[in-house]
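1. here is a sequence together with a model predicted from it:
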Amino acid sequence: MIAIQNPTLDRNTKAYYVWVSEIMCQQTQVATVKHYFERWIEKWPSVVDLTETSLEEVNKIWSGLGYYSRAKNLYEAAKIRKATVDGNIQRVLSRMLCVGENPTSRIVKDHLWKIADNAICSDRPGDFNQALMEIGSLICTPKNPDCNNCPINIFCNAYKKVQDRNAPLTDIEDDPKCFLCLPHSSPWQNELGVQNYPGRKVRKPSKKENKTVIFMSRNVDNKFLCIKRLDSGLLSGLWEILVIDGVIVEKHLPESVEKKFKLKMIGTLNFCGTIFHKFSHIDCTYHISCCKVRQLRSKAADSESNCLVQWMDLGTFEKAGISTAMKKMLHRVPAGRRPFKNPLFRATMYVLFGIGGGLYIVWPYVRRRNEKFQIDQ
């Protein structure tokens, strides 16, 4: 579809081209579609042109492509004149009508959609929608709107209210039972002017959660049990250390954890500290502990586990896809759990084993750098 790739196309025309090509390509090969697409665009280069033809003419151009319901649906969809209400239009209409209720509520959304549908220009619906969006984007902005230069300020009740606060307004706020007015909890503020509208979104209080994070290092190689989250929900697809809901006060691993991952704890569960992390709707406090474990089977998780499990050193884990909260937790892991990064450990090795101890420390880094150099070459 060479026409779609034309950089001189405006976005509305390009959207029309993409729409037509996508419908044509349903259950039909692109090589077959190309000729039909070019004929279609030559005859009807815009949605407006398509609306002015007949279904009979549409079927003539489509003839041979098959699945003729596609042509009929394209034609009928082009004739539908429908308003749109994005965030910008929502703000413009709310100020024009002095809608002060929460704009995210269903009753307000339904009301604004109904108003927009009734006001839509039957001859140029696309231009009407685009014009309202541009006014909301460039003039009727959330802060510091340019009301004096707004081309539709004569229709704006919020603007009238600011211009003459003493003049009676026949807007929806005159009704004491109005369900779209500014709520009593958020009365009109003179300093805000038209910015009193739309109403403030009601923010739900953040949910508070406590979770326990357990850094379990394997006794044979000091690697940690790492789990990849499922591909849905919060932090989907990211790696993490074992996270359990609630706070564990005992000094041992929950039996369910040992059973699920086929592990046996060595020693006790050591508390490492807490961190706080705020998600968009959750305030979460993580209680961090660590322990040594012995693996009872070659696999970290049995067949009943619905997650991907790997043993990693902290360096590898840190470079994997992990959340900001997990990065915070890494600093809570005792230095002794990261021997090659522990200055005291390095100094002890030098004193006890001299050059040999130094090489023991340096060698993993030299090998890693050499491998990277070979890959780069």
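-> Looks like it came in fine.

2. the stretch 151-300 of the chain: strands as residue ranges?
-> Assigned by DSSP state E, counting those that start in this stretch, the strands in the stretch 151-300 of the chain fall at 207-218, 224-228, 239-245, 263-278, 282-295.

3. so how far is stretch 101-120 from its chain's centroid?
-> 25 Å (Cα atoms, centre = their mean, to the nearest Å).

4. which residues are contacting that stretch?
-> 81-85, 89-91, 93-94, 97, 99, 128-129, 132, 179-183, 198-202 (Cβ atoms under 8 Å, 6 or more residues apart in numbering). Glycine gets a C-beta too; all of them are placed from N, C-alpha and C.

5. are any of those residues buried, and if so which?
-> The neighbour-count test (16 or more other Cβ atoms under 10 Å) marks 81, 83-85, 89-91, 93-94, 97, 99, 128-129, 132, 180-182, 198-199 as buried among the contacts of stretch 101-120.

6. just to revisit the earlier point, inside helices: which ones of the contacts of stretch 101-120?
-> Under the assignment DSSP state H, the contacts of stretch 101-120 contribute 89-91, 93-94, 97, 128-129, 132 to helices.

7. and the protein, what are its domains?
-> 1-79, 87-196, 207-337 (the TED database).

8. can you put the ones you listed in a markdown table and add mean pLDDT?
-> Formatted as a markdown table, those follow (pLDDT from 0 to 100):
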| stretch | mean pLDDT |
| --- | --- |
| domain 1-79 | 87 |
| domain 87-196 | 82 |
| domain 207-337 | 84 |
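
9. am I right that Gln310 sits in a helix?
-> No. Judged by DSSP: H, G, I helix; E, B strand; the rest coil, Gln310 forms no part of a helix; its state is strand.

10. that one and Leu74, how far apart?
-> 50 Å (Cβ to Cβ, to the nearest Å).

11. neighbour count winner among those two?
-> Legend: neighbour count by other Cβ atoms under 10 Å for Gln310 and Leu74, higher for Leu74 (19 against 16).

12. how far away is the more buried one from Lys34?
-> 17 Å.

13. so of the strands of the stretch 151-300 of the chain, which one's packed in deepest?
-> strand 224-228 (a mean of 21; mean count of other Cβ atoms under 10 Å).

14. rewinding a little: mind putting the strands of the stretch 151-300 of the chain in TSV, distance to Ile41 included?
-> Listed next are the strands of the stretch 151-300 of the chain as TSV, based on distance: least, Cβ to Cβ, whole Å:
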stretch	distance to Ile41
strand 207-218	52
strand 224-228	47
strand 239-245	48
strand 263-278	51
strand 282-295	50
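
15. now Ser54, what are its backbone angles?
-> phi -120, psi 160 (degrees, to the nearest 10).

16. going forward, count from 34.
-> All set: I'll call the first residue 34, so the last point we hit is now Ser87.

17. report the contact partners of it.
-> So Ser87 contacts nothing (Cβ under 8 Å, 6+ apart).

18. likewise for the one 10 residues further on?
-> The neighbourhood of Gly97, defined by Cβ under 8 Å, 6+ apart, consists of Tyr69.

19. helix or strand for it, which one?
-> Here Gly97, judged by DSSP states H and E, is contained in no helix and no strand.

20. from Pro78, how far out is it?
-> Per Cβ to Cβ, Gly97 is found 21 Å from Pro78.

21. do I have it right that Met57 meets Phe70?
-> Yes. In this structure, Met57 is within contact of Phe70 by Cβ atoms under 8 Å, at 5.8 Å.

22. wait, Val276 sits on Asn243?
-> No. Contact criterion Cβ under 8 Å: Val276 and Asn243 do not qualify, at 11.1 Å.

23. the closest residue in space to Ala116 that isn't next to it in sequence: what secondary structure?
-> Take Ala116 and drop its neighbours on the chain: the residue closest to it by Cβ to Cβ, 6 or more residues apart in numbering is Ala149, 3.6 Å away. For Ala149, the assignment made with three-state DSSP gives helix.

24. likewise the one 5 residues further on?
-> Under the three-state scheme (three-state DSSP), Cys154 adopts coil.

25. what does the one helix or strand Thr65 maps to rub up against?
-> In the assignment (DSSP H and E), Thr65 maps to helix 63-76. With Cβ under 8 Å, 6+ apart as the test, helix 63-76 has contacts from 34, 36, 50, 53-54, 57-58, 82, 86, 90, 94-95, 97-98.

26. tell me the one of the residues you listed nearest Leu258?
-> Lowest distance from Leu258 to the contacts of helix 63-76 (Cβ to Cβ) belongs to Cys58, with 47.1 Å.

27. what sits against the closest one?
-> Val66.

28. related to what we said a few turns ago, which parts of the helix holding Thr65 are buried?
-> 66-67, 69-70, 73-74.

29. please apply the same query to stretch 168-186.
-> Buried residues in stretch 168-186 (16+ other Cβ under 10 Å): 168-169, 172-173, 178, 180, 183, 186.

30. now these as JSON lines including distance to Gln62?
-> As requested, the buried residues of stretch 168-186 are exported to JSON lines (distance: Cβ to Cβ, whole Å):
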{"residue": "Ile168", "distance to Gln62": "44"}
{"residue": "Gly169", "distance to Gln62": "42"}
{"residue": "Ile172", "distance to Gln62": "47"}
{"residue": "Cys173", "distance to Gln62": "47"}
{"residue": "Pro178", "distance to Gln62": "51"}
{"residue": "Cys180", "distance to Gln62": "55"}
{"residue": "Cys183", "distance to Gln62": "51"}
{"residue": "Asn186", "distance to Gln62": "54"}
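
31. now secondary structure and distance to Val280 too, for those residues, in a markdown table please.
-> Formatted as a markdown table, the buried residues of stretch 168-186 follow (DSSP: H, G, I helix; E, B strand; the rest coil; distance: Cβ to Cβ, whole Å):
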| residue | secondary structure | distance to Val280 |
| --- | --- | --- |
| Ile168 | helix | 53 |
| Gly169 | helix | 48 |
| Ile172 | coil | 53 |
| Cys173 | coil | 49 |
| Pro178 | coil | 49 |
| Cys180 | helix | 54 |
| Cys183 | coil | 56 |
| Asn186 | helix | 57 |
